[in-house]
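> sequence and predicted model, in that order:
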Amino acid sequence: MMKRKTSVAVVGAGHAGIEAALACARMHLDTVLFTLSLDAVGNMPCNPSIGGTGKGHLVFEIDALGGEMGRAADLVTLQSRTLNTGKGPAVRSKRIQADRMLYRSLMKKTLERTENLRLVQAEVTEILVKEEDGRRSVKGLVTSLGTEWEADAVILSTGTYLDSRVIVGEHAYPSGPDGMLPAKGLSENLASLGIRLMRFKTGTPPRIHAASIDFSQLEMQPGEEKITPYSRDTDPSRLSSLSQLPCYVAYTNETTHEIIRKNLDRSPLYSGIIKGTGPRYCPSIEDKVVRFSGKERHQLFVEPMGSDTEEMYLQGFSSSLPEDVQLEMLHSIKGFENAQVMRNAYAIEYDCCDPTQLFPSLEFKEIGGLFGAGQFNGTSGYEEAAAQGLIAGINAARKLTGKPPVVLPRDSSYIGTLIDDLVTKGTNEPYRIMTSRSEYRLLLRQDNAEERLIGYGREVGLISDARWEDFLKRKKLTEEERERLEKTTVSPSEELNNRLAEIGSTPISSGVKLADLLRRPEISYSFLAPFDPSRPSLPDSVTYEVEVTVKYEGYIKRQKAEASRMTKLAEKKLPPDLDYAAIEGLRLEARQKLGKIKPLDIGQASRISGVSPADISVLLIYLKAKENRNGRKE
């Protein structure tokens with residue numbers, strides 16, 4: 001048997017594995033990234049889009065921490081749009097359509113050119129574990145060719161490949177996404193190590209030849225004129241000159257729905273062939289027709305796969321129905337009467353772990369040095385995967401260098417919310433981030449991701465000196481402009497009052513601070529420009545943040561106060577070996593849930609499903625009594 005050695009081994013080169021491997025290598029650890037196929041590095045087997053509601057926030061946060069996804073997304077943008085522009089700043093989310101092949105090529109090249117990083121095509125079939133002083137820890141892995149790699153840390157980011165099978169109608173066969181080979185054997189090995197596995201399912205729509213679509217029958221959806229990059233490292237002028245490709249909107253109809261209803265007996269979703277649990281927020285078209293039976297039509301989005309391919313992606317039309325039914329459904333849609341399918345829709349089942357087995361650092365509680373990331377942890381989506389990969393990589397590197405893990409609190413980020421939800425509550429379906437999952441949405445905006453997180457990225461060594469200095473400069477400009485608005489008074493004038501009346505705002509009869517005017521819902525920062533002659537020339541990113549923080553100051557203060565209260569709860573630590581079964585007053589369900597999760601602090605305990613406020617009171621009393629006993633002993 002050949003034996004080799006590395007510090008960190010990352011299993012799987014999807015979006016989680018890429019971020020994990022880059023983080024470890026950039027933190028100066030020898031890293032090996034294993035992939036089933038070098039041709040599938042950074043693959044987007046579902047929609048080649050990055051961002052969307054909630055997901056766009058994750059990409060900005062990944063960039064603020066020093067991750068790679070945002071930089072790459074900016075370089076492969078085919079179209080950019082900001083969603084929810086008619087709503088408040090907390091829920092506005094950037095989404096881009098990406099060039100799929102270019103993204104894969106760019107990410108592979110980035111990995112190949114990164115110091116301390118080796119990219120290896122091999123199937124990992126076994127994780128090696130050792131036991132010392134009653135504590136298990138990882139010691140390496142074995143590939144299908146029998147090569148044994150010694151490693152101090154292993155990150156599992158297997159995506160949808162783990163013992164995966166593809167399902168189309170009555171046909172089911174072992175396969176990874178896009179016809180790639182599945183990962184066989186590793187599931188059995190993980191189960192033998194005591195890791196609890198779950199069976200999840202996801203799906204993808206058909207790909208249609210663009211020349212066979214009658215676009216004149218569809219609604220065109222152009223990109224936005226002014227594009228804000230995901231990454232601070234991207235030159236905005238590059239995106240301003242981008243020639244964006246259009247997307248289109250189509251709709252199902254009653255004929256489509258009738259075709260689906262009459263073929264439900266052939267659907268593997270309803271015949272029992274599919275065993276895995278699918279994503280609630282991204283259902284197949286047959287699931288939507290059944291669940292929303294009163295809806296006359298469902299919206300579909302027709303989006304390009306790349307600038308050099310004729311493949312078009314039909315978002316919202318994922319299915320596992322037989323091939324003949326898929327074609328009949330497709331041809332019933334206006335504009336798709338003669339559509340030519342290049343790739344059939346399919347469902348894919350795969351194994352993943354129960355994430356409650358993980359610490360918030362994403363390290364397994366029972367096996368030191370073994371980390372999980374991405375869809376292996378029960379999530380759905382490229383952005384969720386990349387975010388976890390980055391955190392797992394950072395914490396694997398910090399563990400090996402004797403430093404404490406980075407654990408992002410819920411009020412710091414959607415990344416912190418995502419991970420806390422997974423490890424505290426678990427999931428019984430592929431987890432998807434949404435802005436509604438956070439209690440602190442107004443604090444976690446896209447525009448202030450750097451302010452919230454760049455300090456973490458700087459501390460771990462993933463933010464360059466130039467990037468840090470640029471951030472400090474913009475932060476100073478923001479603070480100075482806010483202060484200026486609070487101090488600068490505008491006097492009443494006929495011109496100002498006429499303009500106020502035009503927009504339905506109350507005229508002023510005496511001097512008013514600019515900040516107070518800006519707090520009016522109908523008034524924007526740009527509206528005040530003609531009446532603010534001392535205004536400095538500032539970057540758009542600075543003026544936007546100034547406007548949001550001034551306008552929503554009261555709400556922001558309230559959310560910060562709530563976050564501070566939860567921080568105090570988090571300061572009350574719970575012993576990892578605490579015997580909850582022995583604590584009088586705890587309900588049975590609470591004892592079971594607390595014993596399973598083993599929360600690190602009162603804050604985490606309070607977020608466990610099945611643990612009531614009364615149970616938290618019991619825990620607080622227990623901790624206080626324990627402190628008093630320890631005090632008397634001293």
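Received the coordinates, thanks. Numbering: from 1, shown residues only.
> any stretches of the stretch 301-450 of the chain with poor pLDDT?
Counting by pLDDT under 70, not a single residue of the stretch 301-450 of the chain qualifies.
> could you pull out the helices for the stretch 451-600 of the chain?
In the stretch 451-600 of the chain, helices defined by DSSP state H, counting those that start in this stretch lie at 465-487, 494-502, 514-518, 540-551, 553-570, 588-597, listed in chain order.
> how far out from the middle of the chain is the shortest one?
Which is helix 514-518. 36 Å (C-alpha atoms, centre = their mean, to the nearest Å).
> ok so, going back, can you list the helices of the stretch 451-600 of the chain in a markdown table and add mean pLDDT, mean neighbour count and distance to Y248?
In this view, the C-beta of every residue, glycine as well, is placed from N, C-alpha and C. Converted to a markdown table, the helices of the stretch 451-600 of the chain look like this (pLDDT from 0 to 100; neighbours: other C-beta atoms under 10 Å; distance: least, C-beta to C-beta, whole Å):
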| stretch | mean pLDDT | mean neighbour count | distance to Y248 |
| --- | --- | --- | --- |
| helix 465-487 | 97 | 15 | 38 |
| helix 494-502 | 94 | 13 | 37 |
| helix 514-518 | 96 | 19 | 39 |
| helix 540-551 | 94 | 19 | 30 |
| helix 553-570 | 88 | 13 | 38 |
| helix 588-597 | 92 | 17 | 46 |
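> quick check, central residue of the protein?
E384 (2.4 Å; C-alpha atoms, centre = their mean).
> what helix or strand does that residue sit in?
In this assignment (DSSP states H and E), E384 forms part of helix 382-400.
> what's the answer for I50, then?
strand 49-51.
> now do the buried residues in the helix or strand following that strand.
As assigned by DSSP H and E, the chain's next helix or strand after strand 49-51 is helix 55-65. Within helix 55-65, the residues scored as buried using 16 or more other C-beta atoms under 10 Å are K55, G56, H57, L58, V59, F60, E61, I62, D63, A64, L65.
> now do stretch 259-271
Those buried within stretch 259-271 under the rule 16+ other C-beta under 10 Å are I259, I260, N263, R266, S267, P268, L269.
> min pLDDT across those, which one?
Lowest in pLDDT among those is L269, which has 81.
> that residue is in what secondary structure piece?
Counting by DSSP H and E, the element that carries L269 is helix 268-271.
> what lies in contact with that helix?
When contacts are taken as C-beta atoms under 8 Å, 6 or more residues apart in numbering, the neighbours of helix 268-271 outside the stretch itself are 167, 169-170, 172, 264-265, 274, 278, 284, 286-287, 290, 320, 347.
> helices and strands around the next helix-or-strand element following it, which ones?
On the C-terminal side of helix 268-271, the nearest following helix or strand under DSSP H and E is helix 285-291. Packed against helix 285-291 by the contact rule (3 or more C-beta pairs under 8 Å, 6 or more residues apart in numbering; DSSP states H and E) you find helix 254-262, helix 268-271.
> what distance separates the longest one from the centre of its chain?
Relative to the mean C-alpha coordinate of its chain, helix 254-262 is positioned 34 Å out (C-alpha atoms, centre = their mean).
> helices or strands next to that helix in the packing?
Packing contacts for helix 254-262, counted by 3+ C-beta pairs under 8 Å, 6+ apart, involve helix 285-291, helix 323-331.
> nearest to K109, out of those?
When those are compared by C-beta to C-beta, helix 323-331 sits nearest K109, at 35.6 Å.
> now find how far off-centre the closest one is within its chain.
Taking C-alpha atoms, centre = their mean, the mean C-alpha location of helix 323-331 is offset from the chain mean by 32 Å.
> relative orientation of that helix and helix 254-262 in degrees?
Using axes from the mean of the first three to the mean of the last three C-alpha atoms, to 10 degrees, one finds that helix 323-331 and helix 254-262 are set 160 degrees apart in direction.
> on that earlier part again, want to throw the buried residues of helix 55-65 into CSV with pLDDT and distance to S237?
Putting those into CSV (pLDDT from 0 to 100; distance: C-beta to C-beta, whole Å) gives the following:
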residue, pLDDT, distance to S237
K55, 97, 26
G56, 97, 21
H57, 97, 25
L58, 98, 26
V59, 98, 20
F60, 98, 20
E61, 98, 24
I62, 98, 23
D63, 98, 18
A64, 98, 22
L65, 98, 25
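> from those residues, which single one is nearest R92?
The shortest separation between R92 and any of these is 8.2 Å, and it belongs to G56 (by C-beta to C-beta).
> just to revisit the earlier point, could you check how far the residue nearest to the centre of the chain is from K598?
The gap separating E384 from K598 is 24 Å, by C-beta to C-beta, to the nearest Å.
> now the phi/psi pair for R343, please.
Taking degrees, to the nearest 10, you get phi -140, psi 130 for the backbone angles of R343.
> neighbours around it, how many?
Neighbours of R343 under the rule other C-beta atoms under 10 Å: 15.
> leaving out chain neighbours, which residue sits closest to it?
Closest residue in space to R343, ignoring its immediate chain neighbours: R207 at 4.1 Å, by C-beta to C-beta, 6 or more residues apart in numbering.
> for that neighbour, phi and psi?
R207 has phi and psi values of phi -110, psi 130 when expressed as degrees, to the nearest 10.
> check it and give its pLDDT.
Predicted confidence (pLDDT) for R207: 97.
> list the residues that contact it.
For R207, the contact set (C-beta under 8 Å, 6+ apart) comprises M305, E311, M312, Y313, L314, V341, M342, R343.
> 10 Å - rerun?
When contacts are counted by C-beta atoms under 10 Å, 6 or more residues apart in numbering, R207 is found next to 305, 309-314, 340-345.
> follow-up on the earlier one: only alpha carbons, please: show the helix holding L269 as CSV.
Taking C-alpha atoms only, helix 268-271 is exported to CSV below (Å, rounded to 0.1, in the frame of the first residue of the first chain):
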residue,chain,number,x,y,z
PRO,A,268,-41.2,8.2,-8.6
LEU,A,269,-42.1,10.8,-6.0
TYR,A,270,-45.5,9.2,-5.6
SER,A,271,-44.8,5.6,-6.5
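> tell me the contacts of the closest residue to I62 other than its chain neighbours?
Of all residues not flanking I62 in the chain, M69 sits nearest, at 5.0 Å (C-beta to C-beta, 6+ apart). Contact analysis of M69 by C-beta under 10 Å, 6+ apart lists 15, 18-19, 42, 50-51, 58-60, 62-63, 103, 107, 230-231, 382-383, 385-387, 389-390.
> how does it look with 6 Å?
V59, I62, A386 (C-beta atoms under 6 Å, 6 or more residues apart in numbering).
> packing partners of the helix or strand where M312 lies?
M312 belongs to strand 311-315 when assigned by DSSP H and E. Where contact means 3 or more C-beta pairs under 6 Å, 6 or more residues apart in numbering; DSSP states H and E, strand 311-315 is packed against strand 299-304.
> list of residues touching the strand it packs on?
Contacts made with strand 299-304 from outside it, assessed by C-beta under 6 Å, 6+ apart, are listed as 78, 97, 245, 247-248, 250-251, 312-317.
> just the angle between it and strand 311-315, please?
With the same axes, to 10 degrees defining the directions, strand 299-304 sits at 160 degrees from strand 311-315.
> pairing partners for strand 299-304, with directions?
Sheet partners assigned to strand 299-304 using DSSP bridges are listed as strand 247-251 (antiparallel), strand 311-315 (antiparallel).
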